[in-house]
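Novice: Need a 3D model of the following:
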Amino acid sequence: MSDKTIVSFEPATGEELWRGDVADVDECIDRARQAWPEWAAQPLTNRMELARRFANEVRAAADPFAELIARETGKPLWEAKTEVEAVINKVEISINAYAERTGKKRLDSALQGTAAVRHKPHGVMVVLGPYNFPAHLPNGHIVPALIAGNVVVFKPSEKTPAVGEFLVQCFHKAGFPEDTVQLAIGEVDTGKALVTHAGVDGVLFTGSVQGGVAINRSLASNPGKIVALEMGGNNPLVVIDTPKLADAAVLIVQSAFTTAGQRCTAARRLIVLEHLFEPLMEEVLKLTGKLIVDEPFADPAPYMGSVIDNETADLLSDSFIHLLANGGKVLKHMRRPNADLPLLTPGIIDTTDVEDRPDMELFGPILQVIRVPDFDAAIMEANNTRFGLSASLIGGTPSDYNRFWANVRAGIINWNRPTNGASSAAPFGGVGLSGNHRPAAFYAADYCAYPVASTEMEQPRASIGVGLSDD
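Specialist: Residues are numbered from 1 along each chain as shown. From the prediction side, this is the model:
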C-alpha cells in the first residue's frame with residue numbers, strides 16, 4: 001500500500017473491502033469555492049427538494065447500503081439498517097429545523113421601514129466523520145449544511161471510507177452538483193490540511209476528544225471559522241431505589257453494550273447505591289451472559305458485533321487489565337474468542353476501590369461499576385468527569401429526577417431511559433470535553449448559517465433634527 005492509498009478491511013473477517021486514493025485537498029477546496037456562489041444563490045425550495053431526492057436515493061439503495069455499513073464497521077446487520085433509516089429521516093428533520101431555527105423574521109413599521117432577520121450560509125464547510133456511525137453522523141452535518149446553502153467537503157474516517165463514498169454517491173445521484181458535495185479520502189494529515197485551509201469557512205467534527213481539542217487548538221487564533229465539535233463522553237448511569245431491577249438491567253445493557261459500546265453516549269460508569277449492588281448485578285450479569293457476540297450476518301442475529309479493528313481491541317484489553325491491576329474487581333471478564341479478530345465480549349468491572357480512576361472514554365464494551373452510599377454521593381460521582389455528554393437516572397421519584405437534572409452536568413439527561421438512543425428531533429451535544437456548546441441534530445441549523453439583521457426602506461428618507469448651524 002502506497003502512502004497515497006487508503007485501504008479498508010472488514011473487522012469481522014479481516015478481508016480487504018475497499019481501497020482508494022488520498023484526496024488533493026487544494027483541488028477539493030478550489031472546486032468547492034467555485035461552486036459555492038451558484039449553490040448559495042439557489043432558492044431554498046430547490047435545495048430542500050434535492051435533499052428529499054437524496055432521501056429517496058438512500059431509500060432505494062437501503063439494503064446494499066446497510067450491508068456495506070455492517071461489513072465495514074462490524075456492527076450487526078439489524079443495527080446497520082437502523083442507521084440507514086436515520087440517514088433518510090434526517091432530511092425532513094433538517095428541513096423542519098431550518099424553518100424553526102433559522103427562518104426569516106420581519107417587522108414592518110410605517111416610519112422606520114422594515115426590520116428583518118435572515119440567515120446566510122458560511123461557505124465551504126468541512127465535515128469530518130467518525131467510524132462508529134459512518135453514514136448517520138456525518139450526514140447529520142452534511143444535510144443541514146447543504147440546505148442552508150453551504151457546500152461540503154466530507155472526509156470520512158480512514159477506517160470507513162467505503163461508506164463515505166456510498167453516501168456521497170447518493171447525493172450526486174439525487175442531483176446535487178458534484179462540486180457541491182465532495183469526498184476527500186485521507187488520514188489525519190488530510191484532516192489537518194482541510195481544517196487549516198484558508199479556503200474553508202467552517203469545520204464540523206464528530207470524533208475523539210483528542211481530535212476535537214487538536215482542531216480547537218489549531219483554529220484558536222482564527223475566529224472567522226465556525227467550529228462545531230462533538231467529542232464523546234465518560235457517561236454516568238445512576239441507579240437508585242426501584243422495584244424493577246430486571247428492567248433496570250435491560251437499560252444498563254442497552255446503554256453500555258449497544259454497538260459494542262462504540263457510541264459517544266454509551267454508559268461508561270454505572271453508579272449504584274451500595275444496598276442495590278448485589279441484586280442489581282445479579283440481573284445485569286444474567287442478561288449480559290445471554291448476549292450474542294458475532295459477525296454482522298450471523299444467524300441467530302448477534303446483539304453485538306466487533307469493535308472497529310484489532311488495534312482498538314488491543315487497547316481495550318489493555319485498559320481492562322490496567323483497571324484490574326489498580327484495584328478493580330472483575331464482575332464479568334471481557335474476552336476475545338479469536339485473537340486475530342476484534343470481537344470482544346462485554347466486560348464489567350467494579351472500580352469502586354480504584355484510586356484515581358482514569359477520566360477517559362473507553363470506546364468499547366467495558367462498563368465500570370462504582371458503589372456509593374447515597375444519592376448525594378451518586379450525583380457527585382456522576383459529575384466526577386471533565387466530559388458532559390449524556391447521563392441517565394434509573395429509579396427514584398419525580399423530585400429525585402428534578403434534583404438529578406438540576407445538578408448533573410451534561411447535554412443529554414434522561415430518566416428511566418438509556419444514556420444512548422438520542423432523538424434527531426432534539427439537540428444533541430455536550431459540555432466540557434464533550435463539545436463546544438454547538439449541539440448537533442435538530443440544532444445543527446444553528447451552526448450552518450449565521451443571522452443577518454437588516455433595516456430596510458424602499459426609498460431613502462432621513463433628516464437631522466439637532467446640532468446643525470443656521471448657515
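
Novice: Kindly tell me how buried the residue nearest to E178 when sequence neighbours are not counted is, as a neighbour count.
Specialist: Leaving aside its sequence neighbours, E178 sits nearest to H172 (C-beta to C-beta, 6 or more residues apart in numbering; 5.7 Å). No exception for glycine: its C-beta is placed from N, CA and C like everyone else's. Using other C-beta atoms under 10 Å, H172 has 16 other residues around it.

Novice: Look up which helix or strand H172 falls in, please.
Specialist: Assessed by DSSP states H and E, H172 sits inside helix 161-173.

Novice: V238 now?
Specialist: Using DSSP H and E, V238 sits in strand 235-239.

Novice: Which residues belonging to the next helix or strand after that strand are considered buried?
Specialist: Going down the chain from strand 235-239, the next helix or strand is helix 245-257, by DSSP H and E. Buried residues in helix 245-257, counted by 16 or more other C-beta atoms under 10 Å: L245, A248, A249, L251, I252, V253, Q254, S255, A256, F257.

Novice: Can you give the distance of helix 245-257 from its chain's centre?
Specialist: The chain centroid and the centroid of helix 245-257 are separated by 22 Å under C-alpha atoms, centre = their mean, to the nearest Å.

Novice: Helices of the stretch 351-471 of the chain, start to end?
Specialist: All helices of the stretch 351-471 of the chain, identified by DSSP state H, counting those that start in this stretch, fall at 375-382, 398-407, 444-448.

Novice: What average pLDDT does the first one get?
Specialist: The pLDDT scores in helix 375-382 average 98.

Novice: quick one, it and strand 235-239 angle?
Specialist: 160 degrees (axes from the mean of the first three to the mean of the last three C-alpha atoms, to 10 degrees).

Novice: hey, C-alpha coordinates of helix 375-382 in PDB?
Specialist: Extracted C-alpha coordinates of helix 375-382, given in PDB (Å, rounded to 0.1, in the frame of the first residue of the first chain):
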ATOM      1  CA  PHE A 375     -27.900   9.900  46.200                       C
ATOM      2  CA  ASP A 376     -25.700  12.800  47.100                       C
ATOM      3  CA  ALA A 377     -22.600  10.700  46.500                       C
ATOM      4  CA  ALA A 378     -24.100   9.400  43.300                       C
ATOM      5  CA  ILE A 379     -24.600  12.900  41.900                       C
ATOM      6  CA  MET A 380     -21.100  13.800  43.000                       C
ATOM      7  CA  GLU A 381     -19.600  10.800  41.300                       C
ATOM      8  CA  ALA A 382     -21.700  11.400  38.100                       C
END
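
Novice: Who are the packing partners of it?
Specialist: On a contact count with 3 or more C-beta pairs under 8 Å, 6 or more residues apart in numbering; DSSP states H and E, helix 375-382 meets strand 235-239, strand 267-273, strand 366-372, helix 398-407.

Novice: Please produce a markdown table containing these, extended by mean neighbour count and distance to D356.
Specialist: A markdown table is the format used below for the helices and strands packed on helix 375-382 (neighbours: other C-beta atoms under 10 Å; distance: least, C-beta to C-beta, whole Å):
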| stretch | mean neighbour count | distance to D356 |
| --- | --- | --- |
| strand 235-239 | 27 | 17 |
| strand 267-273 | 25 | 14 |
| strand 366-372 | 23 | 13 |
| helix 398-407 | 14 | 24 |
